[in-house]
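[1] next input, structure requested:
(4 chains)
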Protein chains: 4
Amino acid sequence: MSNTLGNKLRVTVFGQSHAPAIGAVIEGLPAGFAPDMEAVAAFMRRRAPGRDATATARREEDAVEVVAGLNERGQTCGAPLVGLICNTDTRSRDYSNLYRAPRPGHADFAAWRKFGDARDVRGGGQFSGRLTAPLCFAGALAVQLLAKRGVTVAAHIARIAGIDDDAPDPVHPALPLYEEGAFPVLNAGAGEKMRVAILEARRAGDSVGGVVRVVAAGVPAGLGEPMFGGVENRLAAALFGIPAVRGVEFGEGFQAADLRGSQHNDAFAAENGLVVTETNRHAGVLGGIATGMPILCRVAFKPTPSIAREQKTVDLQTMEQVPLVVSGRHDPCIVPRAVPVVEAVTALVLADMILEGA
Amino acid sequence: MSNTLGNKLRVTVFGQSHAPAIGAVIEGLPAGFAPDMEAVAAFMRRRAPGRDATATARREEDAVEVVAGLNERGQTCGAPLVGLICNTDTRSRDYSNLYRAPRPGHADFAAWRKFGDARDVRGGGQFSGRLTAPLCFAGALAVQLLAKRGVTVAAHIARIAGIDDDAPDPVHPALPLYEEGAFPVLNAGAGEKMRVAILEARRAGDSVGGVVRVVAAGVPAGLGEPMFGGVENRLAAALFGIPAVRGVEFGEGFQAADLRGSQHNDAFAAENGLVVTETNRHAGVLGGIATGMPILCRVAFKPTPSIAREQKTVDLQTMEQVPLVVSGRHDPCIVPRAVPVVEAVTALVLADMILEGA
Amino acid sequence: MSNTLGNKLRVTVFGQSHAPAIGAVIEGLPAGFAPDMEAVAAFMRRRAPGRDATATARREEDAVEVVAGLNERGQTCGAPLVGLICNTDTRSRDYSNLYRAPRPGHADFAAWRKFGDARDVRGGGQFSGRLTAPLCFAGALAVQLLAKRGVTVAAHIARIAGIDDDAPDPVHPALPLYEEGAFPVLNAGAGEKMRVAILEARRAGDSVGGVVRVVAAGVPAGLGEPMFGGVENRLAAALFGIPAVRGVEFGEGFQAADLRGSQHNDAFAAENGLVVTETNRHAGVLGGIATGMPILCRVAFKPTPSIAREQKTVDLQTMEQVPLVVSGRHDPCIVPRAVPVVEAVTALVLADMILEGA
Amino acid sequence: MSNTLGNKLRVTVFGQSHAPAIGAVIEGLPAGFAPDMEAVAAFMRRRAPGRDATATARREEDAVEVVAGLNERGQTCGAPLVGLICNTDTRSRDYSNLYRAPRPGHADFAAWRKFGDARDVRGGGQFSGRLTAPLCFAGALAVQLLAKRGVTVAAHIARIAGIDDDAPDPVHPALPLYEEGAFPVLNAGAGEKMRVAILEARRAGDSVGGVVRVVAAGVPAGLGEPMFGGVENRLAAALFGIPAVRGVEFGEGFQAADLRGSQHNDAFAAENGLVVTETNRHAGVLGGIATGMPILCRVAFKPTPSIAREQKTVDLQTMEQVPLVVSGRHDPCIVPRAVPVVEAVTALVLADMILEGA
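    Numbers count the residues shown, from 1 in each chain, chains lettered A, B, ... in the order given. Next up, the predicted model:
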């Protein structure tokens, strides 16, 4: 089903922006795992709004209550783990405008064609970016599971508004730590320029997009299956589930299309009795299967569709084009807050594959 | 399983390059469908080697024998349809070198880490591009199913060796017909330059990569499911199953990351009582769900890893780095032959989603 | 996953007997469906304890809170529906005895071998019969969905402690209504005898088993798929998920083994332009596919394993056989309360198959 | 899909009785497994017709050709294994009668309601018992995989025409070896009586049914998952895929319904440092999870629907009831030949669960 990710470690995300609650059911966690709930909360704070001048001023308190799946000593017991986040701010309002006027660039219109008048438009309903909170909850657990197996997953901003951050060394990528920084870049100077560009766009009533890069190190060679069960297939299938994602590429990605084979192939070498590659343009995946080298993936985000400028839409009742001004406070750039989401999704996919023996 | 694509229309591809046969089992075809086998054969010829000076001179006769699934009048009867392609050229040779020396850029090394010494190295085994033949067989059937529902899928070369073809109008994309042309481009001049670049690379004992663009028109609005069941998720998951694919993007894709929201959002308009968008940067998908506008997707292919130049690998027995020369005749550019494969995979995914009611 | 039932209408049941909550996530409900919550509550009361002298005196208040999946008008909106039942009585106790001494006939020992010391033993943990409450919640919705499509599902007690109720006419089965009766039988006299037998067993510190029969009328001919996707396969797979079930049979079931073909085959006849069978020993299913005749299925329940008598178990710490007295108040016969559970599971499977187009 | 069994070890059975071929695709076999093809052939001979006076005189040569999945040394290589059985006897005939007159007790009518006129009626099409040949092929491989892990699966005739064979000791069940006997019973005398009853039924132009018992010993404790992923759920789901099966029960099954808890519970005891049960009425499964004791399951088969006597059907063209005489030679009792099929299906399910880590 569409709200479900994974085979052996399976996450079902539920809720709508203004339903009583959102949350996630996580099946397949190994029994006896005692999650570090402090670390989970820290991970989720990286996604929370209101931490940086460039993000929306809105604040959410995303306290997760675990209502099932733990034994009396706080360990997973073999039953599905359920995390619940209550939506505290769900006062009733007049949503009739939203029912009539789909916002450009949002899922509103598509949802109408799919679910008709029964769709939940309040705050974006089930398409709200708020649903990435339970995803981060599940992902934070996956990150802990992977750490026990020597697998590290770390994402950072690669590009915003045309400004590139440094690229990490693909063979020995630096894995940044994000506990503190709300704006996870490798080069602080590039981050500063991005911040300026975001604030500039906001002043213009506009928004910007960007690219998140994620690195997974320590992935065991042999992970992944041929054809449709490869690391790339499964990561891409999941990453496109993050709102606003429009492209996913591995290693050189679209740049690889412009290289010659002699420039792109990575030579094999022996290192401490192991086979490695001298370079890592293959980004840790050949034939869909992990080689043991770091996996590198880039994810393209479109600019936030909610902008302050007047736009054109169609009144679904009169079927006439009408002007639309989207009110409310929105992130002028979703990319910084998307970083932990990309990390969460990547960790969930890899943990699922490892537990599955894929 | 990794060799299986789809939920309701499900294709299982099997075989290895030098096994007695390769083929596909197709479950879920509606009963009473009489495939046009001439059209299927024509579709498969587009993938066959030896049709263009830029491709390998090797020839395969990929005659598909349907051994199950049809009634005595040539209609699908509700049972799985099975297409078998016998591998005529599977004489035994000495493969000991291949067992020891993984080719750079190929799946050889990853397969060794996954399957150990039991892997089939003959001609690339199950990782061979030859497995795209049964995929095209299944895809050709999906194309016919979609045509009955008014959905057209067409792919073409967008870029090779850094040379771009024209981009189609995203709102009213021209859907090229490929019955004849072995080099499917929109602008013949661009195609000529690409050909020159390919031949140049071949002369240099090298290879080039490129980008395939696929357009799906007539996809019903509302197709696709939220979060992980969207059109993008499912297409990407499948497209990364094609050998050598390194990136998938929709609409503006990675370019979208550099646009502002006011530049990227598509205004809604009313046209003949329907809601359309004035532009189509969203490429027919919002929130994972089809809007009814054409779906546009670009797929990046790395340069063929098989090159004539000497490369470096590791002898898996001695664990020492050794030089390697990959012999045999290979496509200096896989992109032209990948065009029908991209089309096949896209058609299979869309037909599956439509039959599933996704 | 094991806690999940269904393909297109998918229910994931979660919780443990003493976790903060139990509940169910229901994916795939058609958008725009407004569940009759009164009817849902009435359905669930049929499963609730304390309604009959033969059942345990324990009382639970199984109020379901729908925390996601409805729009502001109480209709399904296309997002997963989540029903939550808070476990009010979860005070901490000393469970050390349960950790050491697996109860005969219960899942305790198997759970230990599967999940080790991390298993949740409190009140039976995830194996508790309490988990059938969210199953009934989901099933009550399925019953309503089926009713809109003319499909009726009704279960009743067929046998308890060796006492048979009347068998319904398989061609025109009476579908009893159970709103009131806590002891759903067709023949009140048989029910009285069963009650006596149950109370007798209780007095003896013992328990009894029985058989539930479920009838589904109005199932569209053609539902079900060949081989492993048949009506019987899918019903049986689900019904064995109800605690204490040990056998499932359709139509004549195990009796069919003793009949001759001429006695068992049902003659076809024409009735009002439709093909029917004169008798219904095939119980509405041939080759796994529904014929349109009523589907009849019988489900065998073992006697409640919790009995007042002293039994023998093994102390998992000392690995020595020790006597065990299971304390607490228990149902001396689970069958009456299992009737709505069988109905719920049957309705979920049929609704899933219908929505799936199976 | 309905023709597919299993998650990690996945079998897709294909073909129709009169298609060019039938066969099976087996995904998920561990790489490096070298099947003993002699043993496979011996296993399949147990299902073949014409081996006993009580069976049909028809002969089939079910030689399986492995067309994919093995490396050049005859080991599984990680790719799907494909076994093909050519249907040699598929000469065209006049099937118009079969299209019009569904045979009582067969899938003909249900198939018409599902697939309409496109269904393949020739020899029963995809519903033919012949499809159990590829199932036995796959099962024979599963038996070998299980044997390497110390798991033995053996089925035998428990009852035919009301005549019972001896029941094996459920704690230490004798596992009969069937290489030679076409009529696998524990007590030769009972087998003789069954034979007489079958021949008697045949002389009367009639048929009889029976029960097959299957025992699985050595199944690791802890196998199986709670609720819908239990050993019983998965075995039952698969066993109902065998043609003519009408009931599945574990341990005491329907008899358990008549026992008291004190009679049915198995006391735990310690034996060589392991926990065992003194008796085995739970048949190796508690809460859906294996306890390590032998698993015992009984499967009820209805009498063969093909009988020589005149029956009544409906002419689907005129919609009038008409007499029908089913011609051809048929098994008056399918049970003896079903024994290896039950074994095959049981082995496939258990091997799948073990490989899956269920």
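[2] in three-state terms, label the residue lying farthest from the centre of chain A for me.
    Most distant from the centre of chain A: residue A:318, at 37.3 Å, with distances by CA atoms, centre = their mean. Here residue A:318 is recorded as coil under DSSP: H, G, I helix; E, B strand; the rest coil.
[3] look up phi and psi at it.
    Backbone geometry at residue A:318, expressed as degrees, to the nearest 10, gives phi -90, psi -10.
[4] what pLDDT does it get?
    Note for residue A:318: predicted pLDDT of 96.
[5] repeat that for residue A:242.
    What the model reports for residue A:242 is a pLDDT of 98.
[6] show me what contacts the residue of the stretch 101-250 of chain A found nearest chain D?
    Using CB to the nearest CB, the closest approach of the stretch 101-250 of chain A to chain D is made by residue A:226 at 7.4 Å. For every residue, glycine as well, the C-beta is placed using N, CA and C. Counting by CB atoms under 8 Å, 6 or more residues apart in numbering or on different chains, residue A:226 makes contact with A:287-289, B:2-3, B:107, B:126-127, D:78-79.
[7] distance-wise, check it relative to residue B:64.
    21 Å (CB to CB, to the nearest Å).
[8] one more: residue A:183?
    Here the criterion is CB to CB. By it, residue A:183 lies 55 Å from residue B:64.
[9] and residue A:263, by the same measure?
    In terms of CB to CB, residue A:263 sits 37 Å off from residue B:64.
[10] which one of those two has more residues nearby?
    residue B:64 (23 against 16; other CB atoms under 10 Å in any protein chain shown).
[11] circling back: ok, so of the contacts of residue A:226, who is nearest residue C:26?
    residue B:2 (29.7 Å; CB to CB).
[12] which ones are touching the nearest residue to residue A:358 once chain neighbours are set aside?
    Take residue A:358 and drop its neighbours on the chain: the residue closest to it by CB to CB, 6 or more residues apart in numbering or on different chains is residue A:225, 5.5 Å away. Contact analysis of residue A:225 by CB under 8 Å, 6+ apart lists A:288-289, A:358, B:1-2.
[13] tell me the SS of residue A:79?
    coil.
[14] next, count neighbours for it.
    Residue A:79 has 30 nearby residues by other CB under 10 Å.
[15] phi, psi of the residue nearest to residue A:252 when sequence neighbours are not counted?
    Once flanking residues are discounted, residue A:252 sits nearest to residue A:281: 5.2 Å by CB to CB, 6+ apart. Taking degrees, to the nearest 10, you get phi -70, psi -20 for the backbone angles of residue A:281.
[16] okay, now residue A:281: neighbour count?
    22.
[17] quick check: it touching residue A:170?
    Yes. Using CB atoms under 8 Å, residue A:281 is in contact with residue A:170, at 7.2 Å.
[18] now do the shared contacts for the two.
    residue A:251.
[19] can you classify residue A:84 by secondary structure?
    strand.
[20] got the contact list for it?
    With CB under 8 Å, 6+ apart, residue A:84 has these contacts: A:21-23, A:64-67, C:21, C:67, C:84.
[21] for chain A, which helix extends over the most residues?
    Secondary structure assigned by DSSP state H gives helix A:335-356 as the longest helix of chain A.
[22] pretty sure residue A:175 sits against residue A:154.
    Yes. Counting by CB under 8 Å, residue A:154 is a contact partner of residue A:175 at 4.2 Å.
[23] look at these two and report which has more neighbours.
    residue A:154 (23 against 17).
[24] so what's the backbone phi/psi at the residue lying closest to residue A:335 once chain neighbours are set aside?
    In this structure, residue A:335 finds its nearest non-sequential neighbour in residue A:210, 3.8 Å apart by CB to CB, 6+ apart. Note on residue A:210: its backbone torsions stand at phi 180, psi -170 [degrees, to the nearest 10].
[25] go on, residue A:155?
    With angles defined as degrees, to the nearest 10, residue A:155 sits at phi -120, psi 160.
[26] helices and strands of chain A: which one bottoms out on pLDDT?
    Lowest by mean pLDDT, DSSP states H and E among the helices and strands of chain A is helix A:96-100, with a mean of 85.
[27] what about that helix, distance to the chain center?
    In terms of CA atoms, centre = their mean, to the nearest Å, the centre of helix A:96-100 is found 29 Å from the chain centre.
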